[in-house]
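Trainee: one predicted model, sequence on top.
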Amino acid sequence: MDEFDFINKLKPKQLFQKHVKVGIGDDAAVYEPSVNMNQVVCVDTMVEGVHFLKSLSTPTEIGYKALAVNLSDLAAMGAIPRYYLVSISIPSSWREEELLGIFKGMEELAEAYQMDLLGGDTVSTHDKLVITVTVIGEAESHVQTLRKQARDGDIVFVTGTIGDSAAGLAVLLNQLTLENEMFEKYLIHRHKRPTPQIRAGRLISTLHRASLNDISDGLASELHEIAEASQVGIMINEVDLPISEELLFVKKTTDINNWVLFGGEDFELVGTTSQESWDELKRACNLEGIKMTKIGVVSTTYSDVLLKRKNDHIMKLEKSGYNHFKK
């Protein structure tokens with residue numbers, strides 16, 4: 001394909017953000033930051049064969065997820081999505097129509113959040129497709145939903161349900177078969193098309209104090225990051241973990257604990273806040289129709305991340321989850 005012709009096909013037909021001064025077409029984009037807002041920037045890379053398999057996902061699904069995982073990071077910072085940039089390394093095994101499908105998937109999600117594509121880069125490669133997405137958001141200057149904000153006595157909470165994505169991947173890899181086709185489709189959808197918890201992140205950003213992490217590498221891993229950054233211990237209760245009806249169906253025949261605790265890629269939010277703020281947050285989430293569940297407490301009397309089992313046995317949760325540098 002012709003690189004410049006391909007880039008021309010990616011140029012947005014409209015801009016959502018009034019602060020964009022120069023979009024795609026020059027050496028760099030220009031936008032004007034909003035007054036009294038901090039700029040929040042994050043970047044994620046997806047590699048074919050590591051983060052997705054061409055045989056298991058459509059180009060649109062791959063593109064959608066590439067942007068969604070970045071938006072999840074913005075949600076954990078309590079930020080409003082504004083812009084995104086895409087760099088893509090393309091092997092000859094990918095056709096132009098497939099690549100346009102990837103960008104269509106990102107565009108679908110970007111439109112939902114009124115985000116503008118500001119640029120990026122396209123290069124050829126001899127191996128696997130690599131997509132790197134950078135997102136830029138904004139949060140009020142006082143907002144700091146950082147991992148180090150957990151305090152003794154805080155409530156530990158999580159959005160949505162957990163473990164679905166890992167179970168969905170198991171279905172795709174033929175490691176799990178369900179008799180209920182609708183449940184199977186739900187779990188696959190949760191893996192391929194995660195919903196960034198932007199609205200929940202914005203509600204949490206209004207609290208006096210909160211710590212947040214998005215569940216990308218697994219619940220246990222994210223809790224360890226909060227505990228280590230805040231120098232506290234965390235105890236969660238197995239009976240309180242929010243599990244979907246679909247995953248409970250799987251539980252009848254399969255041990256789901258590994259997916260729930262260590263599976264990752266649910267892209268829900270897990271965090272902590274004071275009891276008073278938790279009551280405020282729970283009321284706000286109920287009004288917005290957002291599922292928010294208390295799953296434990298923060299304590300300085302212990303230094304580990306612990307799980308209280310249904311039989312009251314307490315076990316230490318290892319910092320286990322997806323790690324790119326471990327097999």
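Mentor: It's in. Numbers count the residues shown, from 1 in each chain.
Trainee: contact partners for Ile131?
Mentor: 45-46, 62-63, 66, 86-89, 102 (C-beta atoms under 8 Å, 6 or more residues apart in numbering). C-beta coordinates here come from the backbone N, C-alpha and C atoms, glycine included.
Trainee: helices - which of the residues you listed land there?
Mentor: 62-63, 66, 102 (DSSP state H).
Trainee: re the thing from before, as CSV, the contacts of Ile131 with neighbour count and pLDDT would be great.
Mentor: As requested, the contacts of Ile131 are exported to CSV (neighbours: other C-beta atoms under 10 Å; pLDDT from 0 to 100):
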residue, neighbour count, pLDDT
Thr45, 16, 96
Met46, 20, 96
Ile62, 24, 97
Gly63, 28, 98
Ala66, 25, 97
Val86, 22, 97
Ser87, 16, 96
Ile88, 23, 96
Ser89, 19, 96
Ile102, 25, 97
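Trainee: quick one: which of those is nearest Pro33?
Mentor: Val86 (21.3 Å; C-beta to C-beta).
Trainee: quick revisit: spatially, which two of the ones in helices among the contacts of Ile131 are the most separated?
Mentor: Taking C-beta to C-beta, no two of the ones in helices among the contacts of Ile131 sit farther apart than Ala66 and Ile102, at 7.3 Å.
Trainee: distance of the nearest residue to Thr58 once chain neighbours are set aside from Pro59?
Mentor: Distances taken as C-beta to C-beta, 6 or more residues apart in numbering place Gly101 nearest to Thr58, at 6.7 Å, with adjacent residues excluded. Using C-beta to C-beta, to the nearest Å, we find Gly101 at a distance of 3 Å from Pro59.
Trainee: ok, for Met292, nearest residue in space, not its chain neighbours?
Mentor: Cys285 (4.1 Å).
Trainee: from what I can see that neighbour touches Thr293, true?
Mentor: No - using C-beta atoms under 8 Å, Cys285 is not in contact with Thr293; the gap is 9.6 Å.
Trainee: residue ranges of the helices in the stretch 1-150 of the chain, please?
Mentor: Ranges of helices in the stretch 1-150 of the chain, per DSSP state H, counting those that start in this stretch, are 3-10, 59-76, 96-112.
Trainee: so of these, which one's packed in deepest?
Mentor: Neighbour counts (mean count of other C-beta atoms under 10 Å) averaged over each of the helices of the stretch 1-150 of the chain peak at helix 59-76, with a mean of 25.
Trainee: with just CA atoms, put it into CSV.
Mentor: What follows is helix 59-76, C-alpha atoms only, in CSV (Å, rounded to 0.1, in the frame of the first residue of the first chain):
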residue,chain,number,x,y,z
PRO,A,59,-9.4,-6.0,13.1
THR,A,60,-12.2,-3.8,14.5
GLU,A,61,-12.1,-5.7,17.8
ILE,A,62,-8.3,-5.3,18.0
GLY,A,63,-8.5,-1.6,17.4
TYR,A,64,-11.3,-1.1,19.9
LYS,A,65,-9.4,-2.9,22.6
ALA,A,66,-6.1,-1.0,21.8
LEU,A,67,-7.8,2.2,22.7
ALA,A,68,-10.0,0.8,25.5
VAL,A,69,-7.0,-0.3,27.5
ASN,A,70,-5.6,3.2,27.5
LEU,A,71,-8.9,4.8,28.4
SER,A,72,-8.9,2.5,31.4
ASP,A,73,-5.7,4.1,32.6
LEU,A,74,-7.3,7.5,32.2
ALA,A,75,-10.3,6.3,34.3
ALA,A,76,-7.9,5.2,37.1
